[in-house]
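Trainee: sequence first, predicted coordinates after that:
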Amino acid sequence: MKKINILSTSLALILFTNQEVNAQFKLSDIFKKVTEKTTTTSATGTPTTFEIGQGIKEALQIGVSAGADRLSVKDGFLGNLAVKILMPPEAQKVERTLRGIGLNKLCDNVITSLNRAAEDAATEAKPIFISAIKQMTLTDATNILLGNKDSATEYFKRVTTAQLMQKFSPIVTTSLNKVNATKYYSDLTSQYNRLPLVKPVNTNLTEYVTQKAIEGLFVEVAKEELKIRDNFSSRSTTLLQKVFGYADKKKG
């Protein structure tokens, strides 16, 4: 009799344990499905105005950081044909003339040093762009999201160019001197101005390099903006997928 009771108790315990395990599996499955559903729906649907604002700011911060970082390293300008700084327009005749008489190294030194100065200055660009992103209104963000493929870049041009010029100018001046650009350019123009019957060349080197450096920054920002708009894999977060997926539908 005692053996039967023990057997009955063991059997009941096994059944109870199996039921508990099954219940845990079912709860686990339900939780998994709910989690999957939440993850899926959070990346779709119509974003709120707040989400659009946050999504655009997140996208721009990623793009600006990547663009500025690429340009602020050695050969960031010099090795990038899209933004490489060449001789100032008024000095291009000087370059042709001096290369024609064998002064290639002098011309190369000038071009290299101009680009080095821009690379040096580009390290200061990121904080200015980030500040502009923080000041962006929800209306600005919506207009950028649903606007042209360069809407963000145009926004930056509008709100940061004056500040960038002001901030970059002293940095470029210091950089030009640090990398001997001023000396190389002075040597180049001196050599040219010694030639008979030539018109002396005078260039505001700081203003020229500052302007070209800023233009180069905008070129890189535009690349990053286009990447996020056109390339789904570049939308690295759920918020970016939701916001730009919504924009795709609106424009489609």
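Mentor: Sure, I can see it.

Trainee: pretty sure residue 97 contacts residue 192?
Mentor: Yes - Residue 97 lies in contact with residue 192 (CB atoms under 8 Å); the separation is 6.3 Å. Where C-beta positions appear, they are placed from N, C-alpha and C, glycine not excepted.

Trainee: so which of these two has more stuff around it?
Mentor: Higher neighbour count among residue 97 and residue 192: residue 192, with 21 against 15, using other CB atoms under 10 Å.

Trainee: specify the local secondary structure of that one.
Mentor: Secondary structure assignment for residue 192 (DSSP: H, G, I helix; E, B strand; the rest coil): helix.

Trainee: what sits against it?
Mentor: With contact set as CB atoms under 8 Å, 6 or more residues apart in numbering, residue 192 has these partners: 94, 97, 98, 198, 201.

Trainee: ok now the helix or strand containing residue 162, how far from the chain's centre?
Mentor: Element membership for residue 162 (DSSP states H and E) is helix 151-178. Relative to the chain's own centre, helix 151-178 is displaced by 15 Å; criterion: CA atoms, centre = their mean, to the nearest Å.

Trainee: averaged pLDDT, that helix. What do you get?
Mentor: For helix 151-178, mean pLDDT rounds to 87.

Trainee: now do the buried residues in whichever strand or helix holds residue 120.
Mentor: Per DSSP H and E, residue 120 falls inside helix 104-122. Neighbour-count burial for helix 104-122 flags 106-107, 109-122 (criterion: 16 or more other CB atoms under 10 Å).

Trainee: which element follows it toward the C-terminus?
Mentor: helix 125-134.

Trainee: next one: that next one to chain centre, how far?
Mentor: Per CA atoms, centre = their mean, the centroid offset for helix 125-134 relative to its chain is 11 Å.

Trainee: ok and the very next helix or strand once past it relative to helix 151-178, angle-wise?
Mentor: Sequence-wise, the next helix or strand downstream of helix 125-134 (DSSP H and E) is helix 138-146. Going by axes from the mean of the first three to the mean of the last three CA atoms, to 10 degrees, helix 138-146 is angled at 100 degrees with respect to helix 151-178.

Trainee: contacts for stretch 226-245 next, please.
Mentor: Stretch 226-245 is contacted by residues 39, 42-45, 47, 51-52, 54-56, 58-59, 62-63, 145, 149-150, 247 when judged by CB under 8 Å, 6+ apart.

Trainee: circling back: derive a PyMOL selection command for the buried subset of the contacts of residue 192.
Mentor: Burial among the contacts of residue 192 is assessed by 16+ other CB under 10 Å; the matching PyMOL selection reads:
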select buried, resi 94+98
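
Trainee: tabulate the contacts of residue 192 (TSV), appending distance to residue 156, secondary structure and pLDDT.
Mentor: Below are those laid out as TSV (distance: CB to CB, whole Å; DSSP: H, G, I helix; E, B strand; the rest coil; pLDDT from 0 to 100):
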residue	distance to residue 156	secondary structure	pLDDT
94	34	helix	88
97	38	helix	89
98	37	helix	89
198	40	coil	77
201	33	coil	79
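
Trainee: what are the phi and psi values at residue 237?
Mentor: phi -130, psi 160 (degrees, to the nearest 10).

Trainee: quick one: it from residue 143, how far?
Mentor: For residue 237, the distance to residue 143 (CB to CB, to the nearest Å) stands at 22 Å.

Trainee: having no further points to raise, I will conclude here.
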